[in-house]
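Trainee: quick check, what structure comes out for this input:
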Amino acid sequence: MSVPALIPAPLPTLPNRVSGIVAEERSVDGRLRLTLQCADCLSTETPDMAVLMTYVFHPATSDGRRRCKACRIAAFPDCPCGRCTEDRTGSLYR
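Mentor: Residues are numbered from 1 along each chain as shown. Below is the predicted model:
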């Protein structure tokens with residue numbers, strides 16, 4: 001689930017975590033849930049499992065900025081990589 005930013009500044013990354021991981025909690029069944037923040041629009045997401053996160057680093061840059069889908073598309077509108085193609089079209093094969 002993504003949440004629009006309600007704060008005017010980025011939240012701090014948790015100690016010993018990769019950039020953009022701003023909170024963590026244990027679910028009722030004991031799984032670790034991470035909250036991720038987009039470096040550009042400051043919105044957050046808390047996926048049920050880490051493999052479902054959509055706020056990611058762009059593979060063509062090493063700037064260390066985690067971005068949501070909309071901000072990645074805006075920052076890299078012509079990128080031909082698989083993730084950007086899927087973000088723009090909904091499919092890896094279009």
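Trainee: what sits closest to the residue nearest to the spatial centre of the chain if chain neighbours are left out?
Mentor: In the chain, the C-alpha nearest the mean C-alpha coordinate belongs to Y55, at 1.1 Å (CA atoms, centre = their mean). Nearest non-adjacent residue to Y55, counting by CB to CB, 6 or more residues apart in numbering: L36, 4.2 Å away. For glycine as for every other residue, the C-beta is placed from the backbone atoms N, C-alpha and C.
Trainee: ok, C81 next?
Mentor: Distances taken as CB to CB, 6+ apart put P59 closest to C81, at 5.7 Å, once the chain neighbours are dropped.
Trainee: secondary structure class for the one you found?
Mentor: Under DSSP: H, G, I helix; E, B strand; the rest coil, the three-state class of P59 is coil.
Trainee: contacts only, for D40.
Mentor: D40 makes contact with 65, 67-68, 71, 74-75, according to CB atoms under 8 Å, 6 or more residues apart in numbering.
Trainee: which among those residues count as buried?
Mentor: For the contacts of D40, a burial check counting by 16 or more other CB atoms under 10 Å picks out 65, 67-68, 71, 75.
Trainee: pull up the pairing partners for the host helix or strand of the residue nearest to Y55, direction included.
Mentor: Using DSSP states H and E, L36 falls within strand 32-37. Sheet pairing here is set by DSSP bridges, and for strand 32-37 it gives strand 21-26 (antiparallel), strand 44-45 (antiparallel).
Trainee: can you tell which of the ones you listed is closest to S91?
Mentor: For those, proximity to S91 was assessed by CB to CB; strand 44-45 is nearest, at 21.9 Å.
Trainee: pLDDT on the closest one, on average?
Mentor: On average, the pLDDT along strand 44-45 is 94.
Trainee: for T89, give its distance to I73.
Mentor: 11 Å (CB to CB, to the nearest Å).
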